[in-house]
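S.K.: Quick one, fold the following:
(2 chains)
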Amino acid sequence: METIDAITLNHYLLTGAALFTLGMIGFVARRNLIVIFLCTEMMFQGIVLTLVAFSRYHGNFDGQAFVIFVLTIAAAEAALALGLVVYLYRRKNTLDAEAWSDMKG
Amino acid sequence: MVYAIYLAMLIGAAGLYLMLPSPRRRPVVLGVLLGLGGLAGLMIYLLDWAGEHRPTIYYYAFTVIAIASAVRVITHKRPVYSALYFILVVLAVAGQFLLLEAEFMAFAMVIIYAGAILVTYVFVIMLATLPRSSHDEEEAPLYDRAARQPLGAVLMGFALLAVVLHVIFAAPGEIERPYPAEQGLAVVQSVPGRLSEKKLTTLLRSAGLIEKGEKVVAVDLKAGSATVQPVEDGQPTRTVTIPEQLAGAQVGNMDRVGLNLFESHTLGIELAGVILLLAMVGAIVIARIVVKDEGAEEEGTKAISA
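M.R.: This is a model prediction of the structure:
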């Protein structure tokens, strides 16, 4: 595998950073629980792109192996988070994150 | 010149702020124009910065698709459409992986994310969204129509992005490469006979280097040669030199990822299996309900008796 130069690497880092930030903005600004978790998946996309770009830059496959672990965590997180969303929806019949803002302590 | 990034980020932030859902009327068209302006400014800066070393046009196409769909994911008022736009983000990122010669990762992303995870999301959206009769957006519940502190979120997010990009583009010098390159190939070559002899037999036969019926019984990649067993038993074996392009062709992206995964991250794989099992058990426990199907049973008996 031929490695890429630093300029090309920076291009992919830009895309990864943009995806991560947009996911983070959505995570903070949206109120629908499902969209919030969708935004965490989008942050994963940015991270995964950065990992693969660095893997190519270094000519080393550790980055791509890590992507597999990120995918594993994403799948586990999706299963658990969506289970929680269904549970919370049954409790209050709403997907609004603000409905749970009285959980304190 | 690097401060042009901050200008592009400011325009983009204003656009995204106007695009985020709000119960009050906002000039959304202006927001879209500003957002496109910010994206275009970033791309123009990138083209100017890269100079002669520009990547292929596909990079720009995939990046614009990914960022535009990502904006749509966080601005759309209906979660189903957010999920569908997220699939577009995944496909664009998979395209970037193809450009980075990570073919296995590209297809894994499409299959696992767009295929499995997003289907789960769509199912939960259908389970947990109140039915709506008309397509009028005003009927969407308030939590889909109103963002929570959009100004703060957008300002914080774009400030972070601007600083990160500043660091990336203004960094002096190259990032060091302290890791051994070509790791996967090194692993293959350090353990002779690891590559399947069957595959090599097929490759050598199609190259016309061995006769039909002859089989490769041993491979020495370091010396670049293979030991070949003739058709009939008892005859002496002979050695064939493997052409260079064939030796390279044998180890693809998938082989190397697999070798790296199982050589260096064996414990990680075991742990990943445990995590997946835990997640499965946890999801079942959390989402479990005691199903009361008495009504259904009665209806069933009615249907049978009728």
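
S.K.: all helices for chain A, in order.
M.R.: Remark: helices assigned in chain A by DSSP state H are A:6-29, A:33-58, A:62-92.

S.K.: Also the stretch 101-250 of chain B?
M.R.: B:103-109, B:118-128, B:142-145, B:150-170, B:183-190, B:197-206, B:244-249 (DSSP state H, counting those that start in this stretch).

S.K.: now those helices in CSV, with distance to chain A, mean pLDDT and mean neighbour count?
M.R.: From N, CA and C alone the C-beta is placed, and that goes for glycine too. Putting the helices of the stretch 101-250 of chain B into CSV (distance: least, Cβ to the nearest Cβ, whole Å; pLDDT from 0 to 100; neighbours: other Cβ atoms under 10 Å in any protein chain shown) gives the following:
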stretch, distance to chain A, mean pLDDT, mean neighbour count
helix B:103-109, 5, 93, 20
helix B:118-128, 4, 90, 17
helix B:142-145, 4, 84, 18
helix B:150-170, 4, 92, 18
helix B:183-190, 5, 51, 18
helix B:197-206, 19, 75, 16
helix B:244-249, 10, 60, 13
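
S.K.: For those, give me CSV that also has distance to A:D5.
M.R.: Shown next, in CSV, are the helices of the stretch 101-250 of chain B (distance: least, Cβ to Cβ, whole Å):
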stretch, distance to A:D5
helix B:103-109, 21
helix B:118-128, 34
helix B:142-145, 44
helix B:150-170, 14
helix B:183-190, 20
helix B:197-206, 32
helix B:244-249, 22
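
S.K.: Enumerate every residue touching residue 66.
M.R.: Because you didn't say which chain, this covers chain A. A:F66 sits next to A:L51 when contact means Cβ atoms under 8 Å, 6 or more residues apart in numbering or on different chains.

S.K.: I was thinking of chain B, sorry if that wasn't clear
M.R.: A:15, A:18-19, A:45, B:88-89, B:92-93, B:96.

S.K.: check which helix or strand covers it.
M.R.: helix B:57-75 (DSSP states H and E).

S.K.: how far does the very next helix or strand once past that helix sit from the chain's center?
M.R.: Remark: after helix B:57-75, the chain's next helix or strand is helix B:79-99, criterion DSSP H and E. In terms of Cα atoms, centre = their mean, to the nearest Å, the centre of helix B:79-99 is found 8 Å from the chain centre.

S.K.: what's the answer for stretch B:276-283, then?
M.R.: On Cα atoms, centre = their mean, the centre of stretch B:276-283 falls 23 Å from that of its chain.

S.K.: ok, residues contacting that stretch?
M.R.: By Cβ under 8 Å, 6+ apart, the residues outside stretch B:276-283 that reach it are A:72, A:75-77, A:79-80, A:82-83.

S.K.: go with 7 Å
M.R.: Contacts to stretch B:276-283, defined as Cβ atoms under 7 Å, 6 or more residues apart in numbering or on different chains, come from residues A:72, A:75-76, A:79-80, A:83.

S.K.: what does stretch A:97-105 give?
M.R.: A:31, A:33, A:36, A:88, A:92, B:143.

S.K.: Top of the residues you listed by number of neighbours, please.
M.R.: A:L33 (25 neighbours; other Cβ atoms under 10 Å in any protein chain shown).

S.K.: mind listing what residue 17 touches?
M.R.: Answering for chain A, as no chain was given. A:46, B:161, B:164-165.

S.K.: Hmm, no, I was thinking of chain B.
M.R.: B:150-151, B:154.

S.K.: let's see it at 6 Å
M.R.: B:Y17 makes contact with B:150, B:154 under the criterion Cβ atoms under 6 Å, 6 or more residues apart in numbering or on different chains.

S.K.: Can you pull the poorly scored residue ranges out of the stretch 1-150 of chain B?
M.R.: B:131-139 (pLDDT under 70).

S.K.: mind checking how far B:P141 is from B:S82?
M.R.: Distance, B:P141 to B:S82, using Cβ to Cβ, to the nearest Å: 14 Å.

S.K.: Looking at those two, which is more packed in?
M.R.: Neighbour comparison, B:P141 and B:S82: the larger count goes to B:S82, with 26 against 16 (by other Cβ under 10 Å).

S.K.: contacting residues around that one?
M.R.: By Cβ under 6 Å, 6+ apart, the neighbours of B:S82 are A:35, A:38, B:73, B:76.

S.K.: Tell me how many other residues crowd the first one.
M.R.: Residues contacting A:V35 under the criterion other Cβ under 10 Å number 28.

S.K.: and the gap between B:R72 and B:Y85?
M.R.: From B:R72 to B:Y85 the distance is 4 Å (Cβ to Cβ).

S.K.: okay, the two: which has more neighbours?
M.R.: Counted by other Cβ under 10 Å, B:R72 and B:Y85 do not tie: B:Y85 has more neighbours, with 21 against 18.
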